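A.B. asks: show me the folded form of this:
(2 chains)
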There are 2 protein chains.
Amino acid sequence: MGAFIVEAIDGPARAGVLATAHGEIPTPAFMPVGTKATVKALHPDEVRALGAHVVLANTYHLHFRPGEDVIEELGGLHAFSGWSGPILTDSGGFQVFSLRDTLLAVDDEGVTFRSVYDGAPERLTPESASEIQRRLGSDVAMCLDICPPADATREQHAEAVRRTTLWAERQVGLPRAPGQLRFGIAQGGTDPELRRRSIADVTALPFDGFALGGLAVGESRSEMLETVGWAAPLLPADSPRYFMGLGDPEGILEVIARGVDMFDCVLPTRTARTGSALTGSGRLNLRNAQYARDPGPLEEGCGCPACSRFSRAYVRHLVNQQELLGLRLLTQHNLWFTLRLTADARAAILRGTFESFRAEARRRLSGADRA
Amino acid sequence: MGAFIVEAIDGPARAGVLATAHGEIPTPAFMPVGTKATVKALHPDEVRALGAHVVLANTYHLHFRPGEDVIEELGGLHAFSGWSGPILTDSGGFQVFSLRDTLLAVDDEGVTFRSVYDGAPERLTPESASEIQRRLGSDVAMCLDICPPADATREQHAEAVRRTTLWAERQVGLPRAPGQLRFGIAQGGTDPELRRRSIADVTALPFDGFALGGLAVGESRSEMLETVGWAAPLLPADSPRYFMGLGDPEGILEVIARGVDMFDCVLPTRTARTGSALTGSGRLNLRNAQYARDPGPLEEGCGCPACSRFSRAYVRHLVNQQELLGLRLLTQHNLWFTLRLTADARAAILRGTFESFRAEARRRLSGADRA
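C.D. replies: Now for the predicted structure:
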């Protein structure tokens, strides 16, 4: 819809810019997850300083705590959280469908489930998911869709595609926050016919961007990548393409190579909270005794706030003693690493050297460089 | 011994400067506690930005985790923790004597106890407490003393005073880290004769400063203040006077008024982690529902990093959702408040208006200003 410009293509890979009401997002873009209106362990200024151009927030959690009414009254998500850049909100659907114990019923009108906060029954509809996001005031709102698990039957996938289309049609014209973009989502699992049908249905509607949902939910990595490989190019070339729920270093390289522009995942932040650092040559578990007296940074040559100041020995001490600064430093490092990998991929696309960049990064990530 | 200069006196209250190997400490000085070589929830740059001139670290905890050998190998506490300013280390004695379940035996040579980390028996002596602090490389080392509980018998207090003197004599000449100062500690509880004897014994030795230990350990506030009132002036006027383990706003005003120069406490940081903010007109429990939609800062007019940016409603949301940023923001606010109160007291002493400052601050803290 004019908000997205493709600056360069390099094979299927693309470099672009998505303009939003709160600033531009250079793509490919990794979106750090700020589930509850805070990227865990970080201050919004730190998130910005790490190189993030957009963060994600979760409609499901914010609806229950503190509630979209509170956030709207406090001036919307940006004012509430102190993050002044672009924010994408999911629809809440992923949580509703993935927390299967709390799912009560799905029909053509919406979905009924129990709140994970207090067990109270709750109803989410295309209209309410859209309205919550309008009141949150995000820059990109996602459609409510049906996200079946990878082990769903073909019939379940077909039904999910049908309802996802039905709901997309109902959401495309609903009221938005000022300047808010709305993305449609295609389902269909890894089934070629269903996925193609869902893409055809959703891309026929005037959304500002399109997401591949229902992938990376349990199917094998090779099935997932094969699907992205033929499905991403079916999405409109002049709209941003968003792969929902992916953020491991190898995966980022692979989906960019297949034409994806945006992706998000809790992996970098969650990995930090387990005491591990992401590096260009694999993961580093700081709890390992070998780092107890290691004066080096988490990753040699890294310019992140943790590596430019603190030793592995100190971070290990903090992690072992459950000191909050340890979680912060590892979170900063892991996001810096992920955002830098994505920015480097973008630079390579702009130079037309993405394939050699990807091959070299993959070689290093596989541990081939390790002593 | 010459490292301390008294700049102004205002009644018993004093303003001074303590010179250390890592910088000057303007007094009165509140010392934030960084038990395990980190002020909980904060980055050392943040601690500095809040106005702290010195932090405290705990010999007991650092001895066990990660061990003084590790810290020495990594360049000492300053290099290890990233805090480049003055550091005071306690002796470990307070933990040994206050964790009573783990205390095994005390004799004239030292104390035997079980580690809280793994239950292994451990021995701490005046010599080992001093040596650990030498290897940690702190700027001010504290003597190992005997700290009996407030409900100890007079005989127990007398024995504590005797051993504290014995140990002080053995520690005063032990090897130090480069430029390291060493403070003696007087015991004696609230018993005038024992406290006077301990002060006379310890101040006869050439320490760089003197502490009142064994107060604020269970006796009443009025007994404590009465004791400080006559005991602090018995400490040498040309040396810094350190009250161990006090940091509530009211208490700070009272011990400064009685001639104390330095004090420390986990209260501001621990209070933050319970979800409460210290303010000039009393505490604020952010969990209270009344703050759910409150757009105001934690404290009106406060210039701390939390108040200058975030609402009570957001901090409350973070606290309720156990988000780490909430602990950080409250810790920043509470330390800012405590450090500012102390700095304001110092400024008042330099102006010769401490008494009116104290009266006004006390009036506000009592809640007299609250609507």
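A.B. asks: which bits of chain A sit near chain B?
C.D. replies: Residues of chain A found near chain B (C-beta under 8 Å from any C-beta of the partner chain) are A:36-38, A:40-43, A:65-66, A:70, A:73-75, A:80-82, A:292-293, A:295, A:309-311, A:313-314, A:316-318, A:320-321, A:323-325, A:327-328. (Each C-beta comes from the backbone N, C-alpha and C, glycine too.)
A.B. asks: show me what contacts the closest residue to A:G213 other than its chain neighbours?
C.D. replies: Closest residue to A:G213 apart from its sequence neighbours, by C-beta to C-beta, 6 or more residues apart in numbering or on different chains: A:I185 at 4.2 Å. Under the criterion of C-beta atoms under 8 Å, 6 or more residues apart in numbering or on different chains, the contact list for A:I185 reads A:142-143, A:145, A:164, A:168, A:202, A:210-213, A:244.
A.B. asks: so A:I185: helix, strand or coil?
C.D. replies: strand (DSSP: H, G, I helix; E, B strand; the rest coil).
A.B. asks: tell me the pLDDT at it?
C.D. replies: Here, the pLDDT recorded for A:I185 equals 98.
A.B. asks: so what's it bridging to?
C.D. replies: Note on A:I185: beta-bridge partners by DSSP bridges are A:A211.
A.B. asks: residue of the stretch 101-250 of chain A nearest chain B, please.
C.D. replies: Nearest to chain B, among the residues of the stretch 101-250 of chain A, is A:Y117, at 9.9 Å (C-beta to the nearest C-beta).
A.B. asks: neighbours of A:W83, how many?
C.D. replies: Neighbour count for A:W83, taken as other C-beta atoms under 10 Å in any protein chain shown: 24.
A.B. asks: likewise A:G85?
C.D. replies: Neighbours of A:G85 under the rule other C-beta under 10 Å: 18.
A.B. asks: before we move on, what about A:Q322?
C.D. replies: Neighbours of A:Q322 using other C-beta under 10 Å come to 10.
A.B. asks: which element is it on?
C.D. replies: According to DSSP states H and E, A:Q322 maps onto no helix or strand at all.
A.B. asks: B:K40 versus that one, what's the distance?
C.D. replies: 10 Å (C-beta to C-beta, to the nearest Å).
A.B. asks: so A:F30: helix, strand or coil?
C.D. replies: When classified by three-state DSSP, A:F30 comes out as strand.
A.B. asks: hang on, isn't it packed against A:F263?
C.D. replies: Yes - assessed by C-beta atoms under 8 Å, A:F30 is found in contact with A:F263 at 6.0 Å.
A.B. asks: any residues in contact with both of those two?
C.D. replies: Listed as contacting both A:F30 and A:F263 by C-beta under 8 Å, 6+ apart are A:247, A:252.
A.B. asks: so what's the backbone phi/psi at A:T89?
C.D. replies: With angles defined as degrees, to the nearest 10, A:T89 sits at phi -110, psi 140.
A.B. asks: whatever helix or strand A:I25 lives in - contacts with which helices or strands?
C.D. replies: Per DSSP H and E: A:I25 is located in strand A:23-27. Contacts defined by 3 or more C-beta pairs under 8 Å, 6 or more residues apart in numbering or on different chains; DSSP states H and E place strand A:23-27 against strand A:13-20, helix A:324-351.
A.B. asks: who does A:A277 form a beta bridge with?
C.D. replies: Listed by DSSP bridges, the beta-bridge partners for A:A277 are A:L284.
A.B. asks: pairing partners for the strand holding A:I25, with directions?
C.D. replies: Strand A:23-27 is paired, per DSSP bridges, with strand A:13-20 (antiparallel).
A.B. asks: so how far is the strand it pairs with off the chain centroid?
C.D. replies: 15 Å (C-alpha atoms, centre = their mean, to the nearest Å).
A.B. asks: and the angle from it to helix A:324-351?
C.D. replies: Put simply, strand A:13-20 runs at 120 degrees to helix A:324-351, going by axes from the mean of the first three to the mean of the last three C-alpha atoms, to 10 degrees.
A.B. asks: how about residues contacting strand A:13-20?
C.D. replies: So strand A:13-20 is contacted by A:3-9, A:24-29, A:54, A:86, A:139-140, A:179, A:181, A:209, A:240, A:256-259, A:261-262, A:345-346, A:349-350, A:354 (C-beta under 8 Å, 6+ apart).
A.B. asks: so who does the most far-flung residue of chain A relative to its centre touch?
C.D. replies: In chain A, the greatest distance from the average C-alpha position (C-alpha atoms, centre = their mean) is reached by A:R293, at 35.7 Å. By C-beta under 8 Å, 6+ apart, A:R293 lies in contact with A:313, B:70, B:73-74.
A.B. asks: now do 7 Å
C.D. replies: Taking C-beta atoms under 7 Å, 6 or more residues apart in numbering or on different chains, we find A:R293 in contact with A:313, B:70, B:73.
A.B. asks: against chain A, how distant is the last one?
C.D. replies: Distance of B:E73 to chain A, computed by C-beta to the nearest C-beta, to the nearest Å: 6 Å.
A.B. asks: which SS class is the most centrally placed residue in chain A?
C.D. replies: The residue lying closest to the centre of chain A (C-alpha atoms, centre = their mean) is A:D264, at 1.5 Å. Classification of A:D264 by three-state DSSP places it in strand.
A.B. asks: ok, now which ones touch it?
C.D. replies: Neighbours of A:D264 in contact, by C-beta under 7 Å, 6+ apart: A:31, A:33, A:56, A:244-245, A:247.
A.B. asks: looking at those, which are in strands?
C.D. replies: A:31, A:56 (DSSP state E).
A.B. asks: is it possible to get the contacts of A:D264 out as a markdown table so that each row also shows pLDDT?
C.D. replies: Output for the contacts of A:D264, formatted as a markdown table (pLDDT from 0 to 100):
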| residue | pLDDT |
| --- | --- |
| A:M31 | 98 |
| A:V33 | 98 |
| A:L56 | 98 |
| A:M244 | 97 |
| A:G245 | 96 |
| A:G247 | 96 |
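A.B. asks: most surrounded residue in the contacts of A:D264?
C.D. replies: In terms of neighbours by other C-beta under 10 Å, the contacts of A:D264 top out with A:G247 at 27 neighbours.
A.B. asks: can you give me the strands in the stretch 1-150 of chain A?
C.D. replies: Assigned by DSSP state E, counting those that start in this stretch, the stretch 1-150 of chain A shows strands spanning A:4-10, A:13-20, A:23-27, A:29-32, A:55-57, A:87-89, A:103-107, A:110-114, A:121-124, A:140-142.
A.B. asks: and those, which is most packed in?
C.D. replies: Highest mean neighbour count of the strands of the stretch 1-150 of chain A: strand A:140-142, a mean of 29 (counted as mean count of other C-beta atoms under 10 Å in any protein chain shown).
A.B. asks: could you give the average pLDDT over it?
C.D. replies: pLDDT averaged over strand A:140-142 gives 98.
A.B. asks: okay, now the unreliable bits of chain A?
C.D. replies: A:1-2, A:368-371 (pLDDT under 70).
A.B. asks: ok, the residue of the stretch 101-250 of chain A closest to chain B - contacts?
C.D. replies: Contacts of A:Y117 (C-beta under 7 Å, 6+ apart): A:64-65.
A.B. asks: compute the number of surrounding residues for A:G303.
C.D. replies: 10.
A.B. asks: excluding its backbone neighbours, what's nearest it?
C.D. replies: A:W336 is the one closest to A:G303 (C-beta to C-beta, 6+ apart), at 7.7 Å.
A.B. asks: now a PyMOL select for only the buried ones of the contacts of A:I185.
C.D. replies: Listed next is the PyMOL selection for buried residues among the contacts of A:I185, using 16 or more other C-beta atoms under 10 Å in any protein chain shown:
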select buried, chain A and resi 142+143+145+164+168+202+210+211+212+213+244
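A.B. asks: which of the contacts of A:I185 lies closest to B:G275?
C.D. replies: Nearest to B:G275 among the contacts of A:I185 is A:M142, at 32.5 Å by C-beta to C-beta.
A.B. asks: measure the spatially closest residue to the closest one that is not a sequence neighbour to chain B for me?
C.D. replies: Leaving out its chain neighbours, the residue that sits closest to A:M142 by C-beta to C-beta, 6+ apart is A:S91, at 4.6 Å. Using C-beta to the nearest C-beta, we find A:S91 at a distance of 20 Å from chain B.
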